[in-house]
Each structure stands twice: as structure tokens, then as C-alpha cells.
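*Asks:* below is the sequence, then the predicted model.
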Amino acid sequence: MARDATARLYDVDANLVVMDKQAGTITFQARKGRLADLDKLHESIKATRLGDGTGMRLKWLEVTAVGEAIVVDKEVRLKVTGSDQYFVLTDEAAPLGRLREVLQRGEKRLRVTGRVDGWTGNLTQFSRKLPDKPRRIVVNRFEVVKP
């Protein structure tokens with residue numbers, strides 16, 4: 001039931017929704033040619049009222065995004081393919097340094113995976129306010145996407 005609801009709400013492929021109760025994770029993938037809208041995801045979390053008095057927490061939101069990376073001032077941004085959306089890329093270790101090296105070599109199309117900054121905490125507190133934009137991905141891995 002939750003798998004089908006997730007698929008309906010977020011342009012998600014219902015066959016690729018995996019719920020692991022023991023690990024406390026839900027993994028899903030957008031349908032081919034579609035995007036999972038983070039604003040709608042936040043709205044849905046708020047509508048569930050799961051945080052109200054339950055003590056439930058959002059540990060993190062990990063995303064994989066594909067697009068063209070550019071440097072604006074000192075920021076590295078990933079413009080998501082097929083949308084106007086972009087993420088500012090940050091890191092806590094070495095991935096962003098290696099990513100900058102790849103950009104200097106002229107590669108631009110990347111697949112980036114990391115945690116969305118600010119998408120954490122008690123669900124009641126989290127659901128009160130949409131996290132700030134532009135969204136930031138704390139990069140933990142990336143790869144060059146060949147055309």
C-alpha cells in the first residue's frame with residue numbers, strides 16, 4: 001500500500017520502491033524521464049503527521065541527481081537534467097575536490113549522490129518549514145555520465 005502511494009505521489013516507479021523496516025529506509029527511483037519533487041515530498045511528510053507526538057525522526061534524505069555541473073563564483077552547482085532545478089554541491093571530505101578536477105578537465109555531465117543538507121531531525125520540527133533553497137547536496141560519490 002505505501003509503495004503504491006509513493007509511486008502515485010512522486011512519479012516513482014512502483015516496482016522500484018523498497019521499504020526496509022529493520023533499517024528504517026525507503027528507497028525509490030523516479031520513473032524514466034520524471035523527477036522526484038522535493039517540495040511535494042516535504043508536503044507529504046507534513047500531511048502524514050507522523051511526527052506529532054511520536055518522536056519519529058528523519059535521519060537523512062539521500063538523492064542521486066544527474067545533470068550538468070558548473071562553477072558559479074566558488075560554488076559548484078549541478079543543474080538537474082530536464083528541469084530548472086539545481087543543487088549546490090558541498091562535501092565533508094574529498095569528493096568535491098575530485099569533482100572540481102573532473103570539471104577542470106572539461107567533463108560536465110555528472111551523476112551525483114549525497115545527502116540533502118537540512119533534511120534531518122524530528123519530523124514535527126522538520127515538517128513545519130520547508131528547508132531553504134537552493135538545496136545543497138553533501139556529495140559522497142559521483143561519476144561522469146557519457147552522452
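*Replies:* Good, I have the coordinates. Here the structure is a predicted model, which means the values were calculated and not measured.
*Asks:* alpha carbons only for contacts and neighbour counts from here, please
*Replies:* Fine.
*Asks:* the bottom helix or strand of this structure by mean pLDDT?
*Replies:* In the chain, no helix or strand scores lower on mean pLDDT, DSSP states H and E than helix 2-10, which sits at a mean of 51.
*Asks:* so where's this structure uncertain?
*Replies:* Along the chain, the model assigns pLDDT under 70 to residues 1-10, 21, 24, 48-52, 93.
*Asks:* could you measure from the residue nearest to the spatial centre of it over to Arg100?
*Replies:* Residue closest to the average C-alpha location in the chain (C-alpha atoms, centre = their mean): Val63, at 3.0 Å. Val63 is 20 Å from Arg100, where distance means C-alpha to C-alpha, to the nearest Å.
*Asks:* how about Leu35?
*Replies:* For Leu35, the distance to Arg100 equals 26 Å [C-alpha to C-alpha].
*Asks:* can you pull the contacts of the residue lying farthest from the centre of the chain?
*Replies:* In the chain, Gly53 marks the outermost C-alpha relative to the chain mean, sitting 26.6 Å out by C-alpha atoms, centre = their mean. Residues near Gly53 by C-alpha atoms under 8 Å, 6 or more residues apart in numbering: Thr124.
*Asks:* quick one: it is in a helix?
*Replies:* No - counting by DSSP: H, G, I helix; E, B strand; the rest coil, one finds Gly53 to be coil, located in no helix.
*Asks:* mind listing the strands for this structure?
*Replies:* According to DSSP state E, the chain carries its strands in the segments 18-20, 25-27, 57-58, 62-72, 75-80, 86-90, 109-116, 121-122, 135-144.
*Asks:* pipe the ones you listed into TSV and attach distance to Leu41 per row.
*Replies:* Listed next are these as TSV, based on distance: least, C-alpha to C-alpha, whole Å:
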stretch	distance to Leu41
strand 18-20	16
strand 25-27	13
strand 57-58	12
strand 62-72	12
strand 75-80	17
strand 86-90	16
strand 109-116	13
strand 121-122	15
strand 135-144	14
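*Asks:* this completes my enquiry, with thanks.
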